[in-house]
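S.K.: no sequence for this one, just the structure:
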């Protein structure tokens, strides 16, 4: 155990009042000093968006009247929340940043669309060990109780072991009763994608519009992927990096006639 | 040369009327059959956002009255544009997707915040060879003429050689006179970051708000990075992947007590 209580920055992308972040706060209050800076409204699918052409509001808010930790509600994206927290709100660097618990999966390719993970990545860029947590249950009344044990275990490990520079963790938790969860598996990101199927409609003024829908397709038969682990009843952990260089292709590219 | 004219999907994040996409269209019209599906307004800093909680409009638009190619203006993000184009507008898969030319750099860590690159990545996820182009000049009246030669060369190479699955290209072009550009360098993404410095103000109602500002800090002394190449007067090409797995950390992570 650390002698000094670790400072834990908490954010999410479902908004500061979402049950998922409330569950995350509960776990983190057992592990350290907590500060919450989270979006004032849902930001799902925001990817790594930042607010550069608009103003940002960020105000103290009291959600639980009995709580003694501080919370701030921010008009921006999850990445904005991390930037505001570290630059404007906190007077020391957090020891860890945790994001979530997201209502819904951020496994495989979802990581690139994920506001939850963008907050973790933003913290990682700033040199703060960071974890994004997601539960595979989109419903607002999802049961986060079974997830707590794993959230705690992973967070304790990161506080103890740290993370290498440039790496954050993407943790997904299956929607299963506690007795059905088989444990934790370290995985790679499955090669999967969304096959879109836009729902085209016409508005009362006669103008066409679309709702984005789609089907998740996993093309990856590997048994070392996050999709495989989740289907088998494991919590998946994928170490995620933000050096996006495809190093394996540099040599070939150097042979092009450019 | 390909016998059949390649189908080229063009998008960007500065909006369909931006000079950068107009320059890109000019070059692509020399190389193939062009279709433009781009945001109706600037989307800079949108990262890989997608629109899931709002409706999308996507309407034909005529920007250049002399042009014979088709253009569509979309209310969504760059990633939305690619999804709409491939699923709703086009009746065959494009041979290539080009995004840009962005007004401003998308080198190093900017790739994760970049709407320009999110469009390229989205195309890559769908199995379409894709390139994001950016000019290191944020001004609306930036001179895109010197960039065209390099945009053409890289696009021709991708049409000829293809790209491996899971890889797209991030091309940045320095703001230099044609004679000063030394050529093209294949690079890795520099380890750099933005050190934020929020500009805190008070609105007329007395409520504090923030503008995100910041200073770009390159911590990377390597001479194989995009930042180095651009500073030296080269066009930089970084191959970018969207498997974010930090494979090098999987072994260590498996030693944790989880």
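M.R.: Yep, that arrived. Since the model is a prediction, treat every value here as computed from it, not as a measurement.

S.K.: Show me the shaky parts of the stretch 1-150 of chain A.
M.R.: A:1-3 (pLDDT under 70).

S.K.: what does it put close to chain B?
M.R.: A:42, A:44-53, A:55-59, A:79-80, A:83-84, A:86-88, A:109, A:111-113, A:118, A:121, A:125-126 (C-beta under 8 Å from any C-beta of the partner chain). For glycine as for every other residue, the C-beta is placed from the backbone atoms N, C-alpha and C.

S.K.: and with 7 Å instead?
M.R.: Contact residues, the stretch 1-150 of chain A versus chain B (C-beta under 7 Å from any C-beta of the partner chain): A:42, A:44-53, A:55-58, A:83-84, A:87-88, A:109, A:111-113, A:118, A:121, A:125-126.

S.K.: just the buried members of the residues you listed?
M.R.: Among those, the ones that count as buried by 16 or more other C-beta atoms under 10 Å in any protein chain shown are A:42, A:44-52, A:56-58, A:83-84, A:87-88, A:109, A:111-113, A:118, A:121, A:125-126.

S.K.: In chain A, which helix is the longest?
M.R.: Secondary structure assigned by DSSP state H gives helix A:145-161 as the longest helix of chain A.

S.K.: now the following helix or strand past it and helix A:145-161, what's the angle there?
M.R.: Where DSSP states H and E defines the elements, the next helix or strand beyond helix A:145-161 is strand A:167-173. For strand A:167-173 against helix A:145-161, the angle by axes from the mean of the first three to the mean of the last three C-alpha atoms, to 10 degrees is 160 degrees.

S.K.: just checking, what packs against strand A:167-173?
M.R.: helix A:115-125, strand A:130-135, helix A:145-161, strand A:234-241 (3 or more C-beta pairs under 7 Å, 6 or more residues apart in numbering or on different chains; DSSP states H and E).

S.K.: switch the cut-off to 10 Å
M.R.: For strand A:167-173, the contact count by 3 or more C-beta pairs under 10 Å, 6 or more residues apart in numbering or on different chains; DSSP states H and E identifies strand A:96-103, helix A:115-125, strand A:130-135, helix A:145-161, strand A:183-186, helix A:226-231, strand A:234-241, helix B:250-253 as packing neighbours.

S.K.: List the strands paired with it, with their directions.
M.R.: strand A:130-135 (parallel), strand A:234-241 (antiparallel) (DSSP bridges).

S.K.: Out of the buried ones among the residues of the stretch 1-150 of chain A next to chain B, list just those in strands.
M.R.: Counted as lying in strands by DSSP state E, out of these, are residue A:58.

S.K.: closest to residue B:66 out of the helices and strands packed on strand A:167-173?
M.R.: The closest of the helices and strands packed on strand A:167-173 to residue B:66 is helix A:115-125. By C-beta to C-beta, the value is 41.6 Å.

S.K.: quick one: the closest one to chain centroid distance?
M.R.: 7 Å (C-alpha atoms, centre = their mean, to the nearest Å).

S.K.: now stretch A:209-217
M.R.: 22 Å.

S.K.: what does that stretch contact?
M.R.: A:45, A:105, A:107-110, A:192-203, A:227, B:50-59, B:74-76, B:79-80, B:83-84, B:87-88 (C-beta atoms under 10 Å, 6 or more residues apart in numbering or on different chains).
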